[in-house]
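1. Here is a sequence with its predicted model. Questions after.
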Amino acid sequence: MAEAEKQEISVKTEDKTAWDEELSGKKRLFVLFYCTEDECFLNGTRAYLKAYKNCQSENAAAVNAGKLLRNAKVKQAIKKLLRLARDEDDEQAVYRMIKQFEQLSFYNPADIIDASGALRVKDLKELGALALCVEQIETRVTSSGSYTVVKLANRQKAMEAFSKYLNIIRPEVDIQAMMPVVMLTGKNSEFEKEETK
C-alpha cells in the first residue's frame with residue numbers, strides 16, 4: 001500500500017470541511033498524489049496512473065485525468081489540499097530564508113578567501129554552506145596575465161534584512177505628531193465666556 005494511502009489527512013480548512021470530505025476511494029488518492037507526491041505534483045497523468053493501478057495507457061490516463069480535473073468536487077478538494085500543503089511549504093521556505101540571512105550576515109571572509117583575495121579552496125563545494133556567501137567569481141585577462149576576482153555577499157544588506165526579521169530595526173516614530181493637542185484654559189477665559197452666552 002502506498003504511503004499516501006496510509007496517511008489520513010483530516011485537517012479542516014476555513015470552510016470547516018475536510019479537504020477530502022466529498023471524495024472517496026481512487027478519486028481521493030488521485031487528489032492526494034496530484035497535490036503532495038513529488039513525482040506526480042500537478043501532473044494529472046502521473047497522478048492518475050499511480051491512483052488507478054489498472055490503467056496501463058498514458059493516453060487513457062491523460063484523458064481520464066483531464067475529466068477528473070474538470071470535476072467540481074475534485075477541483076474543490078485540490079484547491080483545499082494545495083492550500084494546506086502550501087502553508088507547510090511556506091513555513092519551511094521562511095525557515096530556510098532566515099537561515100540564509102543568518103549565514104550571509106555572520107560569515108567570516110577569511111574563511112572563504114586568503115589575504116590576496118583568492119579562494120581558499122579549489123572547488124566551491126568544499127566551502128559547504130559558506131559557498132552561499134560567494135556572489136561572483138570572475139577571471140580577468142590583462143596584458144600582464146590573468147587574475148581571479150572573488151566577489152563576496154554584502155553582509156551589511158543581509159544584516160539589515162535579518163535585523164528587520166528580528167524586529168531590531170523599527171521605523172522612527174515622531175512622538176510629537178502622535179500626541180493629541182490639549183488646550184487648558186483658565187476659569188475666566190474668553191473661551192468659557194463665549195460658551196456660556
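-> That came in fine, so what should we check first?

2. Tell me how this structure divides into domains.
-> 3-94, 108-152 (automatic domain parsing).

3. which element follows the helix or strand bottoming out on mean pLDDT in the chain toward the C-terminus?
-> Lowest by mean pLDDT, DSSP states H and E among the helices and strands of the chain is helix 3-6, with a mean of 46. Scanning forward in sequence from helix 3-6 by DSSP states H and E, the next helix or strand is helix 25-36.

4. what's that following helix packed up against?
-> helix 3-6, helix 44-51, helix 58-70, helix 72-106 (3 or more CB pairs under 8 Å, 6 or more residues apart in numbering; DSSP states H and E). Backbone N, C-alpha and C define where each C-beta goes, glycine included.

5. distance between the last one and the chain's centre?
-> What that stands for is helix 72-106. Relative to its chain's centre, helix 72-106 lies at 5 Å (CA atoms, centre = their mean, to the nearest Å).

6. quick one: average confidence on that helix?
-> Averaged across helix 72-106, the pLDDT comes to 82.

7. Please point out which parts of that helix sit buried.
-> The neighbour-count check on helix 72-106 (16 or more other CB atoms under 10 Å) flags 74, 76-78, 80-82, 84, 100-101, 103-105 as buried.

8. Distance to Ala161 added to the helices and strands packed on helix 25-36, as TSV?
-> Listed next are those as TSV, based on distance: least, CB to CB, whole Å:
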stretch	distance to Ala161
helix 3-6	37
helix 44-51	38
helix 58-70	40
helix 72-106	5
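
9. what about this protein, any weak spots by pLDDT?
-> Scanning the chain for pLDDT under 70 picks out the ranges 1-16, 88, 168-197.

10. do that again at 90, thanks
-> Along the chain, segments meeting pLDDT under 90 span 1-25, 31, 34-42, 55-56, 71-109, 112-197.

11. now Phe41: how far from Leu84?
-> 14 Å (CB to CB, to the nearest Å).

12. now Gly44
-> Applying CB to CB, the value for Gly44 to Leu84 is 19 Å.

13. So Glu22 sits against Lys73, correct?
-> Yes - counting by CB atoms under 8 Å, Lys73 is a contact partner of Glu22 at 4.6 Å.

14. so what's the backbone phi/psi at Val149?
-> Note on Val149: its backbone torsions stand at phi -110, psi 130 [degrees, to the nearest 10].

15. now Ile137
-> Dihedral angles for Ile137 - degrees, to the nearest 10 - are phi -130, psi 120.

16. Nearest residue to it in space, ignoring adjacent ones along the chain?
-> Take Ile137 and drop its neighbours on the chain: the residue closest to it by CB to CB, 6 or more residues apart in numbering is Val150, 5.5 Å away.

17. The one you found falls within a strand, correct?
-> Yes - assigned with DSSP: H, G, I helix; E, B strand; the rest coil, Val150 falls within a strand.

18. Counting neighbours, what do you get for it?
-> Neighbourhood size, Val150 [other CB atoms under 10 Å]: 17.

19. residues contacting it?
-> Listed by CB atoms under 8 Å, 6 or more residues apart in numbering, the contact set of Val150 reads Ile112, Ile113, Gly117, Ala118, Leu119, Val134, Gln136, Ile137.
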